[in-house]
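Visitor: pasting the sequence and the predicted coordinates here, then a few questions.
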Amino acid sequence: MLRYPIYPDLAGKVAFVTGGSGGIGAETCRWLAANGVRIAVGGRDTAALARVINELTQDGAEAFAVEADCTDAAALDRARIAITARLGAIDILMAFAGGGTARPAPVHETREEDWRSALDHNLTATFLTLKAFLPAMRERRSGAIVTMASTAGRAASAASSAYASAKAGVIMLTRHLAQEVGPFTIRVNCVSPSAILTERTARHMPEAQRATIAALHPLNRLGTPADVAGAALFLASDSAAWITGATLDIAGGRLMH
């Protein structure tokens, strides 16, 4: 059974996790809950959100669901108002929502709609999430933000050029914002996972393919949502109090700098 590391400074804080209805986002919610964080879980899948909230509250956490499309600025404003009314000011923002329709293809064969979808659901969604919640953090002069990139945005790979470009954009957006809001005592960092065995990946990736991809990593396994959640929790805690603008590669050694 996984034992969660405890960061005492997180107890009682308020977090909003976008993309929290499954995979890495849901696992991050579990880690936050184990640390006594009060959580707003964001997502678009009502049924999946309900399952996550039920699990968290059964374990004694204070959590509620926030249905919000992170590509919609108005929806994010409504989410901010609802969260603040229910839990109070947000201390921790995990901007993890992503997606899009882009599939690996040569640039000249990539459809414009897939390019726009990848940027919209990854880069623009992150930008709009940050834009919605930054003013209150700046006013309070405190906060910790963690964004979600990918090794696809760190090095050329077999991923779609659209997805890779969007995630590279998230990394640069994180750096710019960290420099901008540092004087307000707000830290902004990024997690950048490699191949993660989420529920969805487990359903669609055959065992032989898993083994092939695992062998590409020096640690000889796929990552898990817990691997990323642990890194995100550290970056949100005071243990990372002098870290900002960083991108932490959760990549099993496949990407080294």
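Guide: Thanks, I have the structure now. Residues are numbered from 1 along each chain as shown.
Visitor: tell me where the stretch 1-150 of the chain has helices.
Guide: Shown for the stretch 1-150 of the chain, the helices assigned by DSSP state H, counting those that start in this stretch span residues 23-34, 46-58, 73-87, 112-118, 125-140.
Visitor: looking at those helices, which is closest to residue 161?
Guide: helix 112-118 (8.0 Å; C-beta to C-beta). Yep, even glycine has a C-beta here, placed from its N, CA and C like the rest.
Visitor: sorry, back to before: comparing the helices of the stretch 1-150 of the chain by mean pLDDT, which bottoms out?
Guide: Lowest mean pLDDT within the helices of the stretch 1-150 of the chain: helix 112-118, at a mean of 94.
Visitor: go through that one and flag the buried ones.
Guide: Applying a neighbour-count criterion of 16 or more other C-beta atoms under 10 Å, one finds 114, 115, 117, 118 buried in helix 112-118.
Visitor: now render those as JSON lines, adding distance to residue 71.
Guide: Formatted as JSON lines, these follow (distance: C-beta to C-beta, whole Å):
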{"residue": "114", "distance to residue 71": "15"}
{"residue": "115", "distance to residue 71": "15"}
{"residue": "117", "distance to residue 71": "10"}
{"residue": "118", "distance to residue 71": "12"}
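Visitor: extract the C-alpha trace of the lowest-mean-pLDDT helix or strand in the chain and format it as CSV.
Guide: In the chain, no helix or strand scores lower on mean pLDDT, DSSP states H and E than helix 199-204, which sits at a mean of 80. Only the C-alpha atoms of helix 199-204 are listed here, as CSV (Å, rounded to 0.1, in the frame of the first residue of the first chain):
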residue,chain,number,x,y,z
GLU,A,199,-6.0,4.0,-16.6
ARG,A,200,-6.5,5.1,-20.2
THR,A,201,-3.0,4.0,-21.3
ALA,A,202,-3.5,0.6,-19.6
ARG,A,203,-6.7,0.0,-21.6
HIS,A,204,-5.2,0.9,-25.0
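Visitor: ok, residues contacting it?
Guide: 22, 23, 195, 222 (C-beta atoms under 8 Å, 6 or more residues apart in numbering).
Visitor: ok, so of those, who is nearest residue 170?
Guide: For the contacts of helix 199-204, the nearest to residue 170 is residue 23 (16.7 Å; C-beta to C-beta).
Visitor: could you pull out the strands in the protein for me?
Guide: For the chain, strands defined by DSSP state E occupy the ranges 14-18, 38-43, 63-67, 92-95, 143-148, 186-193, 247-250.
Visitor: could I get the ones you listed as JSON lines with mean pLDDT, mean neighbour count and distance to residue 171?
Guide: Shown next, in JSON lines, are the strands of the chain (pLDDT from 0 to 100; neighbours: other C-beta atoms under 10 Å; distance: least, C-beta to C-beta, whole Å):
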{"stretch": "strand 14-18", "mean pLDDT": "98", "mean neighbour count": "27", "distance to residue 171": "17"}
{"stretch": "strand 38-43", "mean pLDDT": "98", "mean neighbour count": "26", "distance to residue 171": "21"}
{"stretch": "strand 63-67", "mean pLDDT": "97", "mean neighbour count": "20", "distance to residue 171": "26"}
{"stretch": "strand 92-95", "mean pLDDT": "98", "mean neighbour count": "27", "distance to residue 171": "13"}
{"stretch": "strand 143-148", "mean pLDDT": "98", "mean neighbour count": "26", "distance to residue 171": "8"}
{"stretch": "strand 186-193", "mean pLDDT": "98", "mean neighbour count": "25", "distance to residue 171": "6"}
{"stretch": "strand 247-250", "mean pLDDT": "96", "mean neighbour count": "20", "distance to residue 171": "5"}
